[in-house]
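1. Fold the following for me, if possible:
(2 chains)
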There are 2 protein chains.
Amino acid sequence: MGKVYLIGAGPGAADLITVRGAKLLSRADVVLHDALIEPAMLDYAPNARRIAVGKRCGQRSTAQHFINKQIVDAALEHEVVVRLKGGDPMLFGRADEEMRALEAAGIEYEVVPGITAALASAATLKRSLTLRGVSRSVALATHSRAPDSDEIREQASADSLVFYMGRDSAPDIARQLIDAGRAGSTPVAIVEACSTPRERTLTITLDRMAQGEAQDWLDASQPSLLMIGEAFAERVSASAAVSKVLQIAA
Amino acid sequence: MGKVYLIGAGPGAADLITVRGAKLLSRADVVLHDALIEPAMLDYAPNARRIAVGKRCGQRSTAQHFINKQIVDAALEHEVVVRLKGGDPMLFGRADEEMRALEAAGIEYEVVPGITAALASAATLKRSLTLRGVSRSVALATHSRAPDSDEIREQASADSLVFYMGRDSAPDIARQLIDAGRAGSTPVAIVEACSTPRERTLTITLDRMAQGEAQDWLDASQPSLLMIGEAFAERVSASAAVSKVLQIAA
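-> As a prediction, this is how the structure comes out:
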């Protein structure tokens, strides 16, 4: 019986996987990878059998059930099995189902973290998610459908908000955040296909997102991130920032 | 004039840096690194001059000012300058001050993301931060001092809460979360010195954290993470989890 490594591939670029992840890929007998994985990432595993699993955005439970079975079957046949997941396995990654299946089958496994898109997008934008005096907390959430008002109220309270895969619900998210008390002028930074050759960014406001601008601009076939909060504003000079903070405090 | 790379070193283990980060380190002429960086991480940069900067927990602004100056000075003398920061630069990393200083000096720079401790700790614990039907959002915050009630109310609303460096304020955080409506039985997973040889974990409850158990157990000289929420409970069988979710929903 083999060992399974649940590895986070990171946001897209092949060199944004960890050194540990790349080394394990080079030893892999079989790699079960998300459909979203960049092809260059699989060059780390030249000798492995490669199996594309998973659906583009969200998976039905039957599909997940089948993936679980494929991982378990691979571990019964091979020594080093890599389950390569986009981003980080422990964040919006459905890893829980896969870990349960491995535990139920008595198969040894390990989790190797990956760069999640929120951090890679902050690096692309050169905007820190936390900012002294401006942003002390970050909320990470996902909305493939329109959020209900309870959900959005929960998330509205963090200083910086990051929504994974929020294209279709972008106008609803913006409207509900404004209803929950966020200013319409709050900056929104949008990053699509982060760290890949197809990467694009757009900076708008909550008002403009409510009017559908993010939804119109985003390509539904690419992964995307909505980043909302004062931390994503254009960087002003240090002295201007200080007066702004003093103004807010007053 | 050189180029500066703000690189996230990740949680500690040398092989949890990204491939991009490791490659840039190998080309570095000078590495300005946090005091917390594991020594093995610097083996990636055998030919670089190494300068330890930064204080253990939190930095006074004078110290940060001096670090900014050191980075700018290094870029005026060397071609490839690496500023190596623990975790991810864009999360509780004071990168904003450093980016401002580089922009003011007209120095080119790039940010390379790193694995943040929350993701590495979730991998260690084999607990997903998000869980279908249980945890849909994650809040990341830091509290070196006791939080005020407004702050804690903001953060209490996310399903999974992660506090960076919360040792001294752990009892206060727990008491205030209970006051804000979280059950005293809510699981708390604590990870110290994640991914290093000194890594330790403890699983308790909010009630026990309120009574000082986390604070007593943690080593003040090590970095630590408090992870709070139902996602950090012992994993039960799928059918038991379903009945629990149904019970909560009822």
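2. any residue of the helix or strand hosting A:A139 up close to chain B?
-> Assigned by DSSP states H and E, A:A139 belongs to strand A:137-142. Yes: against chain B, strand A:137-142 shows contacts by C-beta under 8 Å from any C-beta of the partner chain at A:137-142. Placement of C-beta: from N, CA and C, glycine included.
3. Report all helices and strands that that strand contacts.
-> helix A:149-156, strand A:160-164, strand B:137-142, helix B:149-156 (3 or more C-beta pairs under 8 Å, 6 or more residues apart in numbering or on different chains; DSSP states H and E).
4. Tell me the secondary structure at A:L36.
-> coil (DSSP: H, G, I helix; E, B strand; the rest coil).
5. if I look at it, how far off is chain B?
-> 17 Å (C-beta to the nearest C-beta, to the nearest Å).
6. show me what contacts the closest residue to that residue other than its chain neighbours?
-> What sits nearest to A:L36 in space, not counting adjacent residues and going by C-beta to C-beta, 6 or more residues apart in numbering or on different chains, is A:G86, at 4.6 Å. Counting by C-beta atoms under 8 Å, 6 or more residues apart in numbering or on different chains, A:G86 makes contact with A:8-12, A:34, A:36-37, A:93, A:114, A:223.
7. ok, which stretches of chain A are strands?
-> Using DSSP state E, the strands of chain A run over residues A:3-8, A:30-34, A:49-53, A:80-85, A:109-112, A:137-142, A:160-164, A:187-192, A:200-205, A:224-228.
8. Can you tell me the strand partners of the shortest one and which way each runs?
-> Strand A:109-112 has the following sheet partners, assigned by DSSP bridges: strand A:3-8 (parallel).
9. Now for the residue sitting nearest the centre point of chain A: which residues touch it?
-> Of all residues in chain A, the one closest to the mean position by C-alpha atoms, centre = their mean is A:A117, 4.0 Å from it. By C-beta under 8 Å, 6+ apart, the residues touching A:A117 are A:11, A:87, A:164, A:191, A:194, A:223, A:225.
10. Tell me what A:L6 is bridged to.
-> Legend: beta-bridge partners of A:L6 under DSSP bridges are A:R83, A:V111.
11. Distance of it relative to B:N68?
-> Distance, A:L6 to B:N68, by C-beta to C-beta, to the nearest Å: 39 Å.
12. Tell me which of those two has more neighbours.
-> Legend: neighbour count by other C-beta atoms under 10 Å in any protein chain shown for A:L6 and B:N68, higher for A:L6 (26 against 21).
13. Surely the more buried one touches A:D96?
-> No: in this structure, A:L6 is not within contact of A:D96 by C-beta atoms under 8 Å, at 10.6 Å.
14. Kindly state the domain boundaries assigned to chain A.
-> Here the domain assignment for chain A is A:3-112, A:117-232, based on automatic domain parsing.
15. Could you export the ones you listed to a markdown table, including columns for mean pLDDT and distance to B:A174?
-> Below are the domains of chain A laid out as a markdown table (pLDDT from 0 to 100; distance: least, C-beta to C-beta, whole Å):
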| stretch | mean pLDDT | distance to B:A174 |
| --- | --- | --- |
| domain A:3-112 | 92 | 23 |
| domain A:117-232 | 90 | 17 |
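16. what sits against A:V82?
-> With C-beta under 8 Å, 6+ apart, A:V82 has these contacts: A:4-5, A:7, A:24-25, A:28, A:30-33, A:45, A:48.
17. Repeat the analysis, applying 6 Å as the threshold.
-> Counting by C-beta atoms under 6 Å, 6 or more residues apart in numbering or on different chains, A:V82 touches A:5, A:7, A:25, A:28, A:31.
18. Report the contact partners of the third one.
-> It stands for A:L25. A:44-45, A:82.
19. ditto for the second one
-> A:I7 makes contact with A:21, A:82, A:84, A:112, according to C-beta under 6 Å, 6+ apart.
20. do that again at 7 Å, thanks
-> Applying C-beta atoms under 7 Å, 6 or more residues apart in numbering or on different chains to A:I7 gives the contacts A:21, A:24, A:82-85, A:112, A:114.
21. cool, A:G93 as well?
-> Residues in contact with A:G93 (C-beta under 7 Å, 6+ apart) are A:85, A:87, B:128.
22. Give me the number of neighbouring residues for the last one.
-> Applying other C-beta under 10 Å, we find 28 residues neighbouring B:S128.
23. got the residue ranges for the helices in chain A?
-> Along chain A, the segments classed as helices by DSSP state H run A:19-27, A:61-77, A:95-104, A:117-125, A:149-156, A:170-179, A:206-210, A:213-217, A:238-249.
24. Please work out which of those helices is packed deepest.
-> Ranked by mean neighbour count under mean count of other C-beta atoms under 10 Å in any protein chain shown, these are led by helix A:117-125, which reaches a mean of 27.
25. tell me the angle of that one relative to strand A:187-192?
-> 100 degrees (axes from the mean of the first three to the mean of the last three C-alpha atoms, to 10 degrees).
26. And helix A:117-125, how far out from the chain middle?
-> 10 Å (C-alpha atoms, centre = their mean, to the nearest Å).
27. got the angle between that helix and strand B:137-142?
-> Using the same axes, to 10 degrees: helix A:117-125 against strand B:137-142 is 60 degrees.
28. Extract the C-alpha set from helix A:117-125 and format it as CSV.
-> Provided in CSV are the C-alpha atoms of helix A:117-125 (Å, rounded to 0.1, in the frame of the first residue of the first chain):
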residue,chain,number,x,y,z
ALA,A,117,-4.8,32.8,-4.5
ALA,A,118,-5.5,35.6,-1.9
LEU,A,119,-1.8,35.8,-1.1
ALA,A,120,-0.6,35.4,-4.6
SER,A,121,-3.0,38.1,-5.8
ALA,A,122,-1.9,40.5,-3.0
ALA,A,123,1.7,39.9,-4.2
THR,A,124,0.6,40.7,-7.8
LEU,A,125,-1.1,43.9,-6.7
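29. check contacts around A:T124.
-> When contacts are counted by C-beta under 7 Å, 6+ apart, A:T124 touches A:191, A:194-195, A:199, A:201.
30. Swap in 10 Å and give it another go.
-> A:11, A:117, A:189, A:191, A:194-195, A:199, A:201, A:225, B:110-111, B:113 (C-beta atoms under 10 Å, 6 or more residues apart in numbering or on different chains).
31. of those residues, buried ones?
-> Among the contacts of A:T124, those classed as buried by 16 or more other C-beta atoms under 10 Å in any protein chain shown are A:11, A:117, A:189, A:191, A:194-195, A:199, A:225, B:111, B:113.
32. about what we covered before: among the contacts of A:I7, which one lies nearest to chain B?
-> Distance to chain B, by C-beta to the nearest C-beta, is smallest for A:V112 among those, at 6.5 Å.
33. Surely that closest one and B:D15 touch.
-> Yes: the pair A:V112 and B:D15 qualifies as a contact (C-beta atoms under 10 Å) at a distance of 9.2 Å.
34. Name the residues contacting each of these two.
-> Both A:V112 and B:D15 are in contact with A:18, A:20-24, where contact means C-beta under 10 Å, 6+ apart.
35. Check these one by one and keep those near chain B.
-> Taking C-beta under 10 Å from any C-beta of the partner chain as the test, chain B is in contact with A:18, A:20-24 out of the shared contacts of A:V112 and B:D15.
36. for those residues, which one is nearest B:E103?
-> Among those, A:T18 lies closest to B:E103 (C-beta to C-beta), at 29.1 Å.
37. and the closest residue to that closest one other than its chain neighbours, what does it touch?
-> Distance criterion C-beta to C-beta, 6+ apart; nearest residue to A:T18, sequence neighbours excluded, is B:L16 at 5.2 Å. Residues near B:L16 by C-beta under 10 Å, 6+ apart: A:18-21, A:112-113, B:8-10, B:38, B:41, B:114-115, B:119-120, B:123, B:194-196.
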